[in-house]
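> this one's structure only:
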């Protein structure tokens with residue numbers, strides 16, 4: 001980086017100034033409440049190639065978007081979904097995974113050795129995208145905290161930008 005080029009923090013802060021000046025006018029984003037307007041929550045991979053809002057046709061305030069490596073139904077994702085459902089009214093979950101995911105074929109043990117073998121944090125590597133997606137759907141659909149939510153699984157193709165449904169919708173009724 002040369003002295004005449006802004007660093008990433010400076011770029012972000014400059015972009016934020018433009019965003020805030022444009023989006024937070026009277027009746028803008030500042031007027032939105034915490035409830036998702038479309039009663040939708042999304043669990044998606046953190047991959048930078050996946051622009052969740054654009055790919056799903058979402059605008060500001062439409063959905064709660066929870067992102068992590070792999071788009072996994074981790075304990076924290078379940079916690080966020082439970083809050084989205086119970087406190088904020090979401091009733092539908094989309095789980096979005098994608099082709100070319102960095103966790104596809106990941107050797108958890110090898111990476112754990114590189115990071116710190118003493119930490120038992122699960123990394124979430126998987127060998128089959130559709131099988132993994134179905135497992136995430138099942139975990140959400142069967143968890144008592146997310147009971148009553150409808151859960152759909154989608155695969156995003158990073159080469160075409162197209163979504164495909166794996167045809168799974170699952171619900172668990174509260175108390176069931």
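Cool, got the structure. Keep in mind the model is a prediction, meaning the values are calculated, not measured.
> contacts, neighbours, all on C-alpha from now
Noted.
> any low-confidence regions in the chain?
Flagging of the chain using pLDDT under 70 yields the residue ranges 1-6, 26, 170, 172-176.
> Give me the helices and strands touching the longest helix belonging to it, please.
Longest helix of the chain, by residue count under DSSP state H: helix 8-23. Using 3 or more Cα pairs under 8 Å, 6 or more residues apart in numbering; DSSP states H and E as the contact definition, helix 8-23 packs against no other helix or strand.
> any idea which helix or strand carries residue 82?
Per DSSP states H and E, residue 82 falls inside helix 75-86.
> now whichever helix or strand comes after that helix and helix 75-86, what's the angle there?
Using DSSP H and E, the helix or strand that follows helix 75-86 in sequence is strand 92-98. Counting by axes from the mean of the first three to the mean of the last three Cα atoms, to 10 degrees, strand 92-98 lies at 150 degrees to helix 75-86.
> which secondary structure elements does strand 92-98 contact?
The helices and strands touching strand 92-98, judged by 3+ Cα pairs under 8 Å, 6+ apart, are strand 40-45, helix 129-142, strand 150-156.
> can we see that at 10 Å?
For strand 92-98, the packing partners by 3 or more Cα pairs under 10 Å, 6 or more residues apart in numbering; DSSP states H and E come out as strand 40-45, helix 52-56, strand 63-68, helix 75-86, helix 129-142, strand 150-156, strand 163-170.
> So which bits of the third one are buried?
Buried residues in strand 63-68, counted by 16 or more other Cα atoms under 10 Å: 63-67.
> Make CSV from those and add distance to residue 55 to it.
Listed next are these as CSV, based on distance: Cα to Cα, whole Å:
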residue, distance to residue 55
63, 13
64, 15
65, 13
66, 15
67, 14
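> Alright, I will stop here.
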